[in-house]
Every structure is written in C-alpha cells, then in structure tokens.
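In: after the sequence you'll find the predicted model.
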Amino acid sequence: MDKMKQTTGGTQFRVGIDIGGTFTDLYLVQEDKITAKLKILTTPNDPSEAFLQGLYELLREQSLSMEDCKVIIHGTTLVTNTIIERKGARTALITTEGFRDILEMRREMRYKTYDLDIEIPQPLAPRNLRWGIMERISADGTILTPLETSQAEKLSEMLIRQKIDAVAICFLHAYRNPIHEQKMLEIIRGKNSRISISLSSEVVPAIREYERASTTVANAYVQPLAAHYMQRLENRLADTGFHGKLFIMMSNGGIMTPETACEYPVRMLESGPAAGALGAANFSRWAGENRVMSFDMGGTTAKTSLIDDGEPLIAAEFEAARVGRFHRGSGLPIQIPAIELIEIGAGGGSIARVDELGLLKVGPESAGADPGPTCYGRGGKDPTVTDADLILGYLNSDYFLGGKMPLDATAAAEAITEKIATPLGIDLLSAAWGIHEIVCENMAIASRIHILERGRDPRQYVMLAMGGAGPVHAIRIAQKLGCERVLFPGAAGVFSALGLLVAPLSFDYIHSRYMVLDDADTDRIALLFQEMEEKGSKKLHALGIPRVNVMVQRSADMQYRGQGHQIKVLLPNGKIDDNWVQDARKAFNKAYRAIYNRILEKIPVEVVNWRCVVSASTEEIPMETVGGDSIEKALKGHRPVFFPGNKDKVLSPVYERYDLPPDTRLVGPAVIEEKESTAVIHPGDLFEIDKGGSLVVRVKPPGDRK
C-alpha cells in the first residue's frame, strides 16, 4: 500500500481494529468521542491488508493524518485460525522422561462416555517430535535428578536434523523450580539461535501437568507465525507514517505490547471475542444495566458472554479447536485467563446443506470472506445464513454495508433452491426460514447451556445484540431464551472494535502454592502477592503508566478439601492478616453458592493457585446519541418480510437507524437499517429509542403471540 497522504496536524485520535473471519471492523475515537466507524471484508490470505485498507479509508474520509494517530489497538483471530486449521510451525515437545505421551493421555476421561468412535483432537506436537529427558524436580521444587546435559545436547542436535521450527519445554513441577527448563533453553540456544522456544515456567507457571503442556505447546506452535505477522504489521504501519503505540488484545480483556504478543501469542487466542464482551461491559456501565448477556454474531461465528455488575466473567482456562460441538473436553485445554464465553460456528457465512439422512444442517463450516455467501457475488456457490436472511426480506440488497456492497438476491435464491429446497421438496421461503431457524436454535441451545452451567437464569438478563448478523437474529434467540428486553447500541455491527478502545493495558500472573485457607501462612501469601504486584507495576511504569493509575485485582483458585476442580474467587486487596483470611472464606462461600446454590461450612477450603492482575485504569467511552427529527423522515419505505406464524411475508416498515428521534415508540414488525448491521423487530414487539440513543425492544413471550 502506498504511504498514506499526510495532512496538517490536528487532534490526536485512537483506533480500534478487530479482524474477524469475514469482516474487519474499525472504530475511531477523538477526544473520547466516537468520530467514525467502518466495516470491510477481511483479506484471509493476508489479514494485514484489510487492516491497512480499512485504516486508510477511515482516515481519508475524516481528513486525518497518521502522524496524529496516538494509539492503535488490534484484535485478531490469527492465533485461533492457525490452531483450528493446523497451519502452525513444526513443533517439538521436550518433557521429563516418562511423560512423552501426556498430550494423548490427556485427563484419561472421555467427553462422550458411551461413544466407541469418539474423536480426540490430535496433539499439535506429533509423537515422533516428542522426547523425554532425564531430570526430575519434586512438587516442592527440590531437585531430585539433575538435568542430563549430555542427553540435552544430543537432543538439541536432533532438533536441527528434524528441521524443527519451534519447541515447547515442559518439565515436571517446573512451575515451582524452573532451573532445568532454563538450562535446557541455554543448551538449545547454543546449538540453534533461530528456533522459537517456549518454557512452561514462563508461559503458564501453574499446577496440572497436562494443561500446562498443552498450553505451552500451543504457544510454541503459533509463535513463529505470530512473530512474522507482528513484524510485518509494525513495518507496514511505520511506512504509513504511524509513530504512535500499537497494542494487541488479549483473551482476558486486557491489551499487551507487540513484543509480549510475540513472546506469548497463546494469550491472543480469544482476542476478537474478548473485544465484543468488553464493549458490552462498557455499555452496561454506561447504561446502568447490572445483568447483560452479550450476543455477538458475525460472519463466521457467534459468541455469548455474561456481564455482571459491569464486568465480564473471567475463566481460568478454556478449550480451543473442539472436535465436538458443545462438548466440553473435546478440545485443546489452554490454561490462561480468558473472558468466559461460548463460541460456536454460527455466523452469516455458515453454510447450509442437506446431510446423508436428508436433514437440514447449518454450519459450522463457513464461506468466510473469500468466496463468501453466494449473494456476495464473489464466487460462492453454497447457500448460507446471509443468503437465507436476504430471501426472508431481512436484508436490503441495495444497502448492505451502506450500499458499498450490493447483494445478489437471484443468486441466493438459486443456491437455496438447488441445494436445499429441491432436495427437501419444499418451497424457497420455507427453505430459507429453515436455515434461519436452525442457526437461531443452535445459538439458543449453546447460550442456554453456557448460562445455566454458571448458575445463571437467562430470563434475568437483558440481551445486548452486536456484530454484523447479531441484530438480525437477536429477537428470535431472545424469544427462545426468555429474555424480555433486547438492546441494540449504535453501530452495533462494529461494536467489538469499540471494545478494543476501552481495554486496559494489563499483566496477569499466577503462582501455584497449595494452602489450607484456615491454616494459611499470611506472611507467605503477602509475599506472593507483593512479588506479582511489583512485577506488573514495573512493567506498566516502563510503558509510561503512572503508579497512581495502576490497579490491582487479586484472586485465587479455590475448592473444598477433597474436590478435584476449583472455582475462581475474587479476593480483597489491603493488608493480609487473619481478618483478610476470613474475608477470603466469605468470598469463596459467595462464589460457590452462586454456582451450586449451597455451601459446606464445616469443610476446609483449599487454595491451589494465587492470581494477580495488574492493569492501567481506563476511561469509559460514551455511546453515540445521534438521532433524527421525526419518525416520518426516518421511514425509508416498506418491504415484504417473513416472520414465524405467517404463511407468507408481511409488508413491514423500514427505518434508517440514525434518523429515528430519541422519543420514538413503535410496535413491530419493522426493519431498522444502519450501514454496519440491520435490526429485525418481530410483530407485536414494542421498540423505542431511549435517551441514550439505543434501540430497546421489549420482546413478547411466545405464548402472547398470535
């Protein structure tokens, strides 16, 4: 790309850029006020192309100069896609002798107990590239068997002969004493300076051997590709005249520097989905909503997360690349903090097909951005959810992406007729509705399971719809979940990019040290937290963050004695003494009751891991409050739209989203369009534009619908 045209200096601005599987979303903020936003197709072969194309277009429209760009915050699916598509580096695993097969032994549990043909995800490091070495460290960090250096040197030479690109080193109990891993690193570096090396004691210094090994291997697997991508992106940004700071979104909702991202790329696994949840958290605080269910549906996937009291739920670990939809245990465990969400292969590009049993199936395969849905006119031949939504009247073929990308309704109809309607012996409209209904049901089932597993009731949450396809499907999913209200913020189609701009610069730490809480050594606990807090504060200070703007959040992984799994519990700050221990027990009781609706007062509580997040405080960004003068001016016309319970389409009004005045109160059916997305309001549902400019829909219960 040519160097961006420079204009006269002006007000500094920040940009959030979220690269998804189908679309790339951009948000630009000047003086903490939303100035511009944009959605363009992702370039799968080189995601940085869409990154720079979108940035160039955004700045050109606003007559801004790259010299005035203060910060760019970037979310990407690069790491996730690399693992799912198995396109990472040739990776080896070096571990303690006798533990070579830990990646395949896993937890010795079957995620589907009675399925004899159960599919297990293949390790990222194949067995012929996994080696054990003589060494042993005890659980308390004592060296039992010194590292066999001659064996280590021979193994280092083997890595060269095998043309290994990346290596993961995971020794038993290295989280307590990393000396052998560090020595192995020195030996390999002495033989080969180009190879990427990941140490488990640095990537995830925590108990649980399998999870630690899986995470370290995943980090090594994507490290060369992530480093190449970051270097290329930084170089191309420099060519545009950008002299500001580039930050990368992490899975836990914080941001990190490109240097940290290159060292620990596994922390970017849930980069994009985390941004949407952060945007929802920012909105919930701004709107005063205590319980929000974020529903983010794009072109490739759909994500649901819960926001309680303005904060998203954080999980201590999650799974990547599941081979069984909705089946916990069927993926690769990644032991890093991440915003807790459910992600399924259900998006606008999800492909519909008739299976060998003659049943209609939708997803998880996606047409992506290239070739995309059939109606995009880019070579796609398979019917997708977007094609079905177009046939149902939900989308305007002349106003997709604000008219920049016309849709071909004829091609969509032909694809659905040929591959769905004709094989099933039904008409075009029924086939299109079947596609839409199945994808909504899939998302509702996944969301319901995710919410109930966390001891929550979906009926107590207000749904916040976002993403390019989210507002189209939100009302139908809300009906299935029993949500009474659905909120559509302004520019819902690019809302995840806004989430990037409210993400804090942060560092998270973990220290595995088993203690019984009632008998805990308070001095030892204080020292553990002090070490983690000082380490994070120094890193933030080195990046120019004043100590007064540094925030600390303590937590621990806790359980009742005898249990095998922990829950994450937020712990109080302040002086650590006997009163602090009592407050920690109360915090555990509250968290445990919220999940299991009971507590066991007489059972001792154990702590397995101590955690600390050190972050920089951020300012919230107010939502857009634009609105028009009258409903009449907002009315663009009418078009036939299909809704359940009707044999044919219903003539429905179509409104321009930003021309609706704040005092709007109407009853569906209606279609409300904006450049980045379209909201579909079902018959009988009351909708209004509140004082903050948000579209609010009150969903009628299914029993009240005629």
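Out: Ah, there it is. Numbers count the residues shown, from 1 in each chain.
In: quick check: buried residues in stretch 145-163?
Out: Using 16 or more other CB atoms under 10 Å as the test for burial, stretch 145-163 gives 147, 151, 152, 155, 156, 159. Every C-beta, even on glycine, is put in place using the N, C-alpha and C of the backbone.
In: how far does it sit from the chain's center?
Out: 38 Å (CA atoms, centre = their mean, to the nearest Å).
In: what sits closest to residue 561 if chain neighbours are left out?
Out: Spatial nearest neighbour of residue 561, excluding adjacent residues (CB to CB, 6 or more residues apart in numbering): residue 604 at 4.6 Å.
In: let me know the secondary structure of residue 187.
Out: Secondary structure, DSSP: H, G, I helix; E, B strand; the rest coil: residue 187 is helix.
In: could I get the pLDDT score of the closest residue to it other than its chain neighbours?
Out: Of all residues not flanking residue 187 in the chain, residue 152 sits nearest, at 4.7 Å (CB to CB, 6+ apart). pLDDT for residue 152: 95.
In: using a markdown table, lay out the buried residues of stretch 145-163 together with distance to residue 386 and secondary structure.
Out: Formatted as a markdown table, the buried residues of stretch 145-163 follow (distance: CB to CB, whole Å; DSSP: H, G, I helix; E, B strand; the rest coil):
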| residue | distance to residue 386 | secondary structure |
| --- | --- | --- |
| 147 | 56 | coil |
| 151 | 56 | helix |
| 152 | 54 | helix |
| 155 | 51 | helix |
| 156 | 51 | helix |
| 159 | 46 | helix |
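In: quick one: buried residues of stretch 580-594?
Out: In stretch 580-594, counting by 16+ other CB under 10 Å, buried: 580, 581, 584, 585, 587, 588, 589, 591, 592.
In: restricted to strands, list those.
Out: Assigned to strands by DSSP state E, none of those qualify.
In: how about the contacts made by the closest residue to residue 608 other than its chain neighbours?
Out: Using CB to CB, 6+ apart and skipping residues adjacent in sequence, the residue nearest residue 608 is residue 557, 4.8 Å away. If a contact means CB atoms under 8 Å, 6 or more residues apart in numbering, then residue 557 has 316, 566, 567, 568, 569, 607, 608, 609, 611 as its contacts.
In: how distant is the one helix or strand residue 557 maps to from the center of its chain?
Out: Using DSSP states H and E, residue 557 sits within strand 550-560. The chain centroid and the centroid of strand 550-560 are separated by 22 Å under CA atoms, centre = their mean.
In: and for stretch 69-85?
Out: Stretch 69-85 sits 10 Å away from the centroid of its parent chain (CA atoms, centre = their mean).
In: which residues are in contact with stretch 475-484?
Out: So stretch 475-484 is in contact with 293, 295, 436-437, 440-441, 443-444, 447-448, 451, 458-459, 461-463, 486, 644, 680-682, 685, 697-699, 701-702, going by CB under 8 Å, 6+ apart.
In: try 7 Å
Out: Contacts to stretch 475-484, defined as CB atoms under 7 Å, 6 or more residues apart in numbering, come from residues 293, 295, 440-441, 443-444, 447-448, 458-459, 461-463, 486, 680-682, 685, 697-699, 702.
In: show only the entries of those residues found in strands.
Out: Taking DSSP E as the definition of strands, the contacts of stretch 475-484 contribute 293, 295, 462, 463, 486, 680, 681, 697, 698.
In: make a PyMOL selection of the buried ones in those residues.
Out: Here is the PyMOL command that selects the buried residues among the ones in strands among the contacts of stretch 475-484 (16+ other CB under 10 Å):
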select buried, resi 293+295+462+463+486+680+681+697
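In: closest to residue 64 out of the ones in strands among the contacts of stretch 475-484?
Out: The nearest member of these to residue 64, counting by CB to CB, is residue 295 at 32.4 Å.
In: report pLDDT for that closest one.
Out: 94.
In: one more: residue 493?
Out: On pLDDT, residue 493 comes in at 89.
In: and the gap between it and residue 101?
Out: With distances taken as CB to CB, to the nearest Å, residue 493 is found 47 Å from residue 101.
In: what's the neighbour count on residue 345?
Out: 21 (other CB atoms under 10 Å).
In: out of the buried residues of stretch 580-594, who's nearest residue 521?
Out: For these, the minimum distance to residue 521 (CB to CB) is 10.2 Å, reached by residue 581.
In: domains for the protein, by residue range?
Out: The record's domain parsing of the chain by automatic domain parsing lists 13-83+228-268, 86-224, 350-437, 506-616, 631-704.
In: is residue 11 located within a strand, as I assumed?
Out: No - using three-state DSSP, the secondary structure at residue 11 is coil, not a strand.
In: burial of it, as a residue count?
Out: 10.
In: quick one: the strands in the stretch 251-400 of the chain, in order.
Out: 255-256, 291-297, 302-308, 311-312, 314-315, 318-320, 332-334, 338-339, 341-344, 350-354, 360-366 (DSSP state E, counting those that start in this stretch).
In: residue 249: which of these is closest?
Out: Proximity to residue 249 (CB to CB) singles out strand 255-256 among these, at 5.7 Å.
In: chain center to the closest one: distance?
Out: So, by CA atoms, centre = their mean, the centroid of strand 255-256 is 14 Å from its chain's centroid.
In: need the contact partners of that strand.
Out: Outside strand 255-256, the residues within contact range by CB under 7 Å, 6+ apart are 73, 247, 248, 249, 250, 267, 503, 504, 505.
In: let's see it at 8 Å
Out: 73, 247-250, 264, 267, 500, 503-507.
In: can you give me the helices for the stretch 451-600 of the chain?
Out: Remark: helices assigned in the stretch 451-600 of the chain by DSSP state H, counting those that start in this stretch are 470-481, 495-501, 522-542, 578-596.
In: enumerate the positions of the host helix or strand of residue 233 that are buried.
Out: If you go by DSSP H and E, residue 233 is part of helix 209-239. Neighbour-count burial for helix 209-239 flags 209-227, 229-230, 233, 237 (criterion: 16+ other CB under 10 Å).
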